[in-house]
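1. got a predicted model here, sequence first, then my questions.
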Amino acid sequence: MSRVMIALNSDTGESFGNFRVGNDEELMKFISSANIACGFHAGDPVVMAHTVRLAKEHGVSIGAHPGYPDLMGFGRRKMGVTPEEMRDYIVYQIGALKAFVESEGLQLQHVWLHGALQSAAGKDESMAKAIVEGIRSVDPKLIMASRPSLLSYKMAEKAGLRTAVFVGVDLEYDRDGMPVIQRKKKATDPKEAAGKAVKIAKEGRLTATTGEEIDMRANAILVHGDTPNAIDVLKEIRREFARQDIEVVPLGRMFS
């Protein structure tokens, strides 16, 4: 029987200037794949460069984490952006991070949309199409990380992009497999999160808020970097994965 493999992922690079968000230095010790903010909802050129170097130091694969141009709202508010504008915003953000990644002799691996942009791309066909076109124009080899129920995932597949599924274990999910968004991030019980992660990795299943068992197959387990106790959650997941003989690998290994 082959060993279960899965990536362990987190949002990183979300500090801005003197304002610090999360603890990337510690996060990088426990994850195998990082989504790095690209300067629109969070991050700036210095933070992006530093985060790329941190990922390189720890052997963590890198993905772009683009969002709406909304620093004050942390990219969690829908904005009146046209699909044409969004395509350019996507190219701009991914292109900037790709330059930092390649300057370190590395390769950008995936794209994971942030916050309200993820929601918009999941429901709005024209927005989803523009985002997929933007990604393809930068690099058609990039992996589009999303959820199978979202339009962005379906359009990425149709456009020939490789797709991956990320599931956050510091969130609850409804019966349709959609995350229940928290207005303010709360601490997550590490053992509960680790139990979810094991169930997803081994069975491709998750218990919804209704108590129903739902299909939730994933390529990566996501722990959000701004979850107050993200480090404790990641440590417990690592411990439980070791006990269950689940191998944590870079996202690209899931496609090789």
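-> That came through, no problem.
2. confidence score at the spatially most central residue of the chain?
-> Here the mean C-alpha position of the chain is nearest to the C-alpha of residue 112 (C-alpha atoms, centre = their mean), at a distance of 4.6 Å. Residue 112 carries a pLDDT score of 98 in this model.
3. tell me who's in contact with the residue lying closest to residue 191 once chain neighbours are set aside.
-> In space, and not counting its chain neighbours, residue 191 is closest to residue 236: 6.1 Å by C-beta to C-beta, 6 or more residues apart in numbering. The C-beta positions use only the backbone N, C-alpha and C, and glycine is treated the same way. By C-beta atoms under 8 Å, 6 or more residues apart in numbering, the contact set of residue 236 is 190, 191, 193, 194.
4. quick one: the one helix or strand residue 236 maps to to chain centroid distance?
-> Residue 236 is part of helix 230-243, with elements assigned from DSSP states H and E. In terms of C-alpha atoms, centre = their mean, to the nearest Å, the centre of helix 230-243 is found 18 Å from the chain centre.
5. use 16 as the first number for this chain going forward.
-> Sure thing, new numbering starts at 16, so read that last one as helix 245-258.
6. quick one: list the elements packing against the next helix-or-strand element following it.
-> Per DSSP H and E, the first helix or strand lying C-terminal to helix 245-258 is strand 261-263. Judged by 3 or more C-beta pairs under 8 Å, 6 or more residues apart in numbering; DSSP states H and E, strand 261-263 is in contact with strand 19-27, helix 205-218, helix 245-258.
7. hang on, the earlier thing: what sits against the residue nearest to the centre of the chain?
-> Residue 127 makes contacts with 24, 26, 50, 78, 79, 80, 133, 160, 161, 181, as judged by C-beta under 8 Å, 6+ apart.
8. looking at these, which are in helices?
-> Mapping the contacts of residue 127 onto helices (DSSP state H) picks out residue 133.
9. give me the contacts around the helix or strand bottoming out on mean pLDDT in the chain.
-> When the helices and strands of the chain are scored by mean pLDDT, DSSP states H and E, strand 194-195 comes last with a mean of 80. Identification of contacts with strand 194-195 by C-beta under 8 Å, 6+ apart yields 183, 186, 187, 188, 189, 224.
10. so which of these comes closest to residue 263?
-> The closest of the contacts of strand 194-195 to residue 263 turns out to be residue 183 (C-beta to C-beta; 16.2 Å).
11. just for the stretch 166-271 of the chain, where's the confidence low?
-> 197-198, 271 (pLDDT under 70).
12. so for the longest helix along the chain, mean pLDDT?
-> Ranked by number of residues, the top helix in the chain under DSSP H is helix 98-118. The pLDDT scores in helix 98-118 average 98.
13. if we can go back for a sec, what angle do the helix holding residue 251 and strand 19-27 make?
-> Here helix 245-258 runs at an angle of 170 degrees relative to strand 19-27 (axes from the mean of the first three to the mean of the last three C-alpha atoms, to 10 degrees).
14. quick check: angle from helix 245-258 to helix 205-218?
-> 40 degrees.
15. pull the CA atoms of helix 245-258 into CSV?
-> Once non-C-alpha atoms are left out, helix 245-258 reads as follows in CSV (Å, rounded to 0.1, in the frame of the first residue of the first chain):
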residue,chain,number,x,y,z
ALA,A,245,-1.3,28.8,13.7
ILE,A,246,2.1,27.5,14.9
ASP,A,247,0.5,25.3,17.6
VAL,A,248,-1.9,24.0,15.0
LEU,A,249,0.8,23.2,12.5
LYS,A,250,3.0,21.5,15.2
GLU,A,251,0.1,19.2,16.2
ILE,A,252,-0.7,18.4,12.6
ARG,A,253,3.0,17.4,12.0
ARG,A,254,3.0,15.2,15.2
GLU,A,255,-0.3,13.5,14.2
PHE,A,256,0.9,13.0,10.6
ALA,A,257,4.1,11.4,11.8
ARG,A,258,2.0,9.0,14.0
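16. and the longest helix of the chain, what's buried?
-> 98, 101-102, 104-113, 115-116 (16 or more other C-beta atoms under 10 Å).
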